[in-house]
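> Let me see the structure of the following:
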Amino acid sequence: MRRFLSMSLAVLFLAAFPCAAQQILPQSFAGWTRTGTPAISVYPMKSEQPIMNEYGYLSSDSDRFARNSEALEVAAHRMKDASGAYGLYSFLRTPDMARADVTEHSSMSPGRALILVGNLVLDVQGKDLRTHVAELRELIAAVQPHAQEGPLPTLWEHLPEKKIVEGSDRYVLGPQTLNQLFPGGLGDSMSFPAGAEAEIAHYRVEGRDVTLLLADFPTPQLAEDTLAALQKRFNVNGSNAAANSPALFAKRSLTLVAIVSGAPSQTEANTLLDQVHSGTVLTWNEPSFQFKEPSIEVMVVGAFIGTGAICGFTLVAGLAFGGFRLFIKRLMPGKIFDRSAQLQVLQLGLSSKPINAEDFYASPGPPLPKVQQVDENLPDRIALRIFR
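Predicted coordinates for the structure are as follows:
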């Protein structure tokens with residue numbers, strides 16, 4: 001019995017350890033205290049389970065916080081990375097939620113606040129939340145150690161700014177989310193498993209609500225193939241009028257594919273499509289050099305002047321060297337130049353006659369010892385070396 005009790009306690013401890021490790025929300029902040037048992041669920045809302053999976057949902061920590069007679073419902077959703085958290089943040093945001101100054105990515109209405117913190121999305125519901133901004137910042141500081149920072153999507157930067165409905169942009173990472181936000185059922189044809197991502201926004205064009213879908217693909221080839229597949233399956237740019245789908249207007253720019261829904265004609269759709277561009281813009285700011293070939297007269301005159309300058313330099317250098325040599329010979333005769341008695345001449349032995357230094361220098365000093373005469377009738381030494 002005692003052994004069974006010990007095993008039961010160990011199992012309960014191991015089962016409770018993952019829940020404690022996944023707890024995100026603090027026990028209290030700014031005077032607000034948790035009132036119930038931490039409710040850590042796998043999915044916050046079962047109806048949104050597929051969409052949450054597309055954004056990389058991992059877990060949630062939710063509870064009620066109370067202070068005096070006030071209450072706050074707080075939920076912290078943990079995603080796989082910051083991009084998925086940004087997508088969930090944009091999906092949960094409603095049109096009545098204006099941008100707040102709690103964090104860089106935060107939205108708030110009188111009764112609800114959405115806050116992006118790394119790979120966490122805080123969903124706070126209560127009364128008159130605009131008066132609790134300082135307290136929400138303390139909540140953010142408490143959950144910050146549990147968040148993982150990472151790069152956020154930049155696809156929204158390619159959205160046209162003119163006539164956009166404020167707060168209508170949504171970041172999409174899967175087909176089911178796209179089918180819920182964009183008409184036509186294009187989700188399964190957008191190559192999301194291959195790494196595509198999309199951004200959706202609403203615009204007011206000529207008094208109409210027009211929806212723009214901006215999809216980014218890993219390569220231009222994949223973007224081109226996807227657009228060709230859409231034109232075969234749906235009524236894109238009038239390619240398939242018999243298709244049971246609304247009229248869509250599309251344009252590809254390198255890896256981007258822009259699709260407009262709700263526009264009555266191509267002209268109105270082009271007001272948005274023409275503003276979508278993709279690519280790198282290079283700016284050359286360095287000074288440029290422009291070569292100008294001189295005239296033939298300038299080149300001939302320059303050649304004569306250059307030749308004269310070289311000849312003049314040669315003449316001056318020769319006179320200077322000769323004058324210096326004569327000056328040294330007069331100042332110190334026989335000490336630097338014309339030293340035949342101390343001169344050694346390297347001989348190559350190409351002939352039978354030895355080289356005599358007196359042949360090169362005439363010195364007033366004592367004559368050199370005579371070299372033994374060589375019989376001219378003897379054969380040449382070079383010939384002997386060759387035919388030896």
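> May I see the buried residues of the strand or helix carrying Ala228?
Following DSSP states H and E, the helix or strand that holds Ala228 is helix 220-233. Using 16 or more other CB atoms under 10 Å as the test for burial, helix 220-233 gives Leu222, Ala223, Thr226, Leu227, Leu230, Gln231, Arg233. (Glycine included, C-beta is placed from N, CA and C.)
> Then stretch 175-184?
Taking 16+ other CB under 10 Å as the neighbour-count basis, stretch 175-184 is seen to contain the buried residues Pro175, Gln176, Thr177, Leu178, Asn179, Leu181, Phe182, Gly184.
> I would like the residues contacting it, please.
50-51, 54-55, 87, 91, 170, 172, 185-188, 190, 192, 198, 200, 211, 213, 234, 245-246, 248, 259, 261-262 (CB atoms under 8 Å, 6 or more residues apart in numbering).
> As TSV, the buried residues of helix 220-233 with distance to Val276 would be great.
Conversion of the buried residues of helix 220-233 to TSV gives the following (distance: CB to CB, whole Å):
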residue	distance to Val276
Leu222	17
Ala223	12
Thr226	15
Leu227	13
Leu230	16
Gln231	18
Arg233	22
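> related to what we said a few turns ago, would you mind checking the contacts of stretch 175-184 for buried ones?
Buried by 16+ other CB under 10 Å: 51, 54-55, 87, 91, 170, 172, 186-187, 190, 192, 198, 200, 211, 213, 234, 245, 248, 259, 261-262, out of the contacts of stretch 175-184.
> show me where the chain has helices.
Defined through DSSP state H, the helices belonging to the chain, from first to last, are 2-22, 49-54, 82-92, 133-143, 175-181, 220-233, 266-273, 296-331, 381-386.
> returning to what we had before: Phe313: which of the buried residues of helix 220-233 is nearest?
Closest to Phe313 out of the buried residues of helix 220-233 is Ala223 (68.2 Å), distances taken as CB to CB.
> My guess is Glu57 contacts Asp81. True?
Glu isn't right for residue 57; it's Tyr. No - when contacts are counted by CB atoms under 8 Å, Tyr57 is not listed as touching Asp81 (11.3 Å).
> Of these two, which one has the most company?
Counting neighbours by other CB atoms under 10 Å for Tyr57 and for Asp81 shows that Tyr57 has the greater number, 22 against 17.
> how near is the closest residue to that one other than its chain neighbours to Gln148?
Once its chain neighbours are removed from consideration, Tyr57 has its nearest residue in Met79; the separation is 6.0 Å (CB to CB, 6 or more residues apart in numbering). Note on Met79: its distance to Gln148, by CB to CB, to the nearest Å, is 9 Å.
> what do you get for Ala82?
Using CB to CB, one gets 7 Å for the distance from Ala82 to Gln148.
> Find the residues that touch each one of the two.
Overlap of the contact sets of Ala82 and Gln148 (by CB under 8 Å, 6+ apart) consists of Gly118, Asn119.
> If you count surrounding residues, which of the two has more?
Just comparing Ala82 and Gln148: by other CB under 10 Å the higher neighbour count belongs to Ala82, 22 against 14.
> surely Pro218 meets Ala196?
Yes - shown here, Pro218 and Ala196 form a contact pair, counting by CB under 8 Å, at 7.5 Å.
> Could you report the neighbour count for the spatially closest residue to Asp81 that is not a sequence neighbour?
With CB to CB, 6+ apart as the criterion, Asp81 has its nearest non-adjacent residue at 5.2 Å, and that residue is Gly150. For Gly150, the neighbour count with other CB under 10 Å is 15.
> now do Pro193
Taking other CB under 10 Å as the criterion, the count of residues near Pro193 is 9.
> do the same with Thr314
Counted with other CB under 10 Å, the burial measure for Thr314 works out to 10 neighbours.
> Next: the one 5 residues further on.
Using other CB under 10 Å, Leu319 has 10 other residues around it.
> do the same with Ser239
If you count neighbours by other CB under 10 Å, Ser239 ends up with 15.
> what's the answer for Glu166, then?
Using other CB under 10 Å as the criterion, Glu166 is surrounded by 10 other residues.
> one step back: nearest to Ala134 among the buried residues of helix 220-233?
Comparing those against Ala134 with CB to CB places Ala223 closest, at 46.2 Å.
> Kindly state the domain boundaries assigned to the protein.
Here the domain assignment for the chain is 16-146, 155-273, based on automatic domain parsing.
> For the first one, give the mean pLDDT please.
Throughout domain 16-146, pLDDT has a mean value of 84.
> and if you look at stretch 309-321?
Here stretch 309-321 scores 93 as its mean pLDDT.
> just the CA coordinates of that stretch, formatted as PDB?
As requested, C-alpha coordinates have been extracted for stretch 309-321 and formatted as PDB (Å, rounded to 0.1, in the frame of the first residue of the first chain):
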ATOM      1  CA  ALA A 309      62.200  66.500 -72.200                       C
ATOM      2  CA  ILE A 310      63.700  63.000 -72.200                       C
ATOM      3  CA  CYS A 311      66.600  64.000 -74.400                       C
ATOM      4  CA  GLY A 312      67.300  67.100 -72.300                       C
ATOM      5  CA  PHE A 313      67.400  64.900 -69.100                       C
ATOM      6  CA  THR A 314      69.700  62.400 -70.800                       C
ATOM      7  CA  LEU A 315      72.100  65.200 -71.800                       C
ATOM      8  CA  VAL A 316      72.200  66.800 -68.400                       C
ATOM      9  CA  ALA A 317      72.700  63.500 -66.700                       C
ATOM     10  CA  GLY A 318      75.600  62.600 -69.000                       C
ATOM     11  CA  LEU A 319      77.300  65.900 -68.500                       C
ATOM     12  CA  ALA A 320      76.800  65.700 -64.800                       C
ATOM     13  CA  PHE A 321      78.300  62.200 -64.600                       C
END
